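J.: Kindly generate the corresponding structure for this input.
(one chain, ligands or ions: 1)
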Amino acid sequence: MISFIGAGPGDVDLITVKGRRLLEEADVIIYAGSLVDARHMDSAKEGAEIYNSATMHLDDVLDVMKKSAEAGKNLVRLHTGDPSVYGAIQEQMDALDEWGIDYEVIPGVSSFSAAAASLKREFTLPGVSQTVILTRRAGRTPVPEGESIDKLAAHGASMAIFLSAGQLEALVEDLKKGYTDDTLVAVVYKATWADEIVVRSTLKDVVKDMEGRDIYKHAQILVGDFLDSDYEKSKLYDKHFSTEYRKAER
Ligand code: SAH
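T.: Alright, predicted model coming up:
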């Protein structure tokens, strides 16, 4: 069996229990060494074949998968965060489908959740925003026209921006077309890793506040009033509000 597994954002204990168990049982492991902590390999059994995909092409990865499937081995493909966001997992799954090779996907904790946890903030505050936009600025990978940052910014929603710390200035200019200059911004570098860095700022000041920090990758950029604002308490825990599980108090 081939298992695509989300390794989580960094901290090795943030992989799921199911993911860890499959990792321990794997005969072959291919991990994304650029963002998955190599300490995950401490869970591998003795004699497991280990590959770092940072130095491999798609065809190399698929070749290892095909050979282990043919040999009846268990293979774990370990991706950073959750593989469904910027995981480049679809092209692997599609190739396996084409070859009739079976696989499963075990989700993981994405870095956008980890960044919110580090900041101790909730993306969906009533009366502030009920929408989270996960996006990136166009880089070597283009972004469809309707999803440009300025268009998304017009919603004023909570935003988690991946893969864009290397173009902060241009990103901020785009964001300012939708959000006010005072909108809060947090940059979370390597969330849940030992060398995590959190910078809290505003759209107006973030470029200056990031100067000299050498943070061009491995960072989440979170934007929106959810980072600090007055909000309405949730209806879910309001004692005057009935839910399926609880009657309202009068
Ligand atoms: N599938 C991953 C994202 C892979 S794309 C996930 O769910 O998190 C790689 C981008 O994710 C990085 O450029 C960065 O923007 C973000 N990222 C991944 N791990 C991170 C971490 N620990 N802290 C902050 N950002 C992270």
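J.: my guess is V199 is in a helix, correct?
T.: No: looking at V199 with DSSP: H, G, I helix; E, B strand; the rest coil, it is strand, so not inside a helix.
J.: which residues does it contact?
T.: Contacts for V199 (C-beta atoms under 8 Å, 6 or more residues apart in numbering) come out as A186, V187, Y189, V206, D209, M210, R213, I215. Any C-beta I mention is one placed from the backbone N, CA and C, and that applies to glycine too.
J.: Which helix or strand contains D60?
T.: Counting by DSSP states H and E, the element that carries D60 is helix 58-70.
J.: By proximity to the ligand, which residue of the chain wins?
T.: Among all residues of the chain, G81 sits closest to the ligand, at 2.1 Å; criterion: C-beta to the nearest ligand atom.
J.: Correct me if wrong: that residue contacts P107.
T.: No: the criterion here is C-beta atoms under 8 Å, and G81 misses it with P107 at 9.6 Å.
J.: Mutual contacts of the two, please.
T.: G6.
J.: Pick out whichever of the two has more residues nearby.
T.: Neighbours were counted for G81 and for P107 using other C-beta atoms under 10 Å; G81 has more, 28 against 15.
J.: Show me where this structure has its helices.
T.: 17-25, 58-70, 90-99, 111-119, 149-153, 168-176, 206-210 (DSSP state H).
J.: out of the ones you listed, deepest packed?
T.: Highest mean neighbour count among those (mean count of other C-beta atoms under 10 Å): helix 111-119, with a mean of 22.
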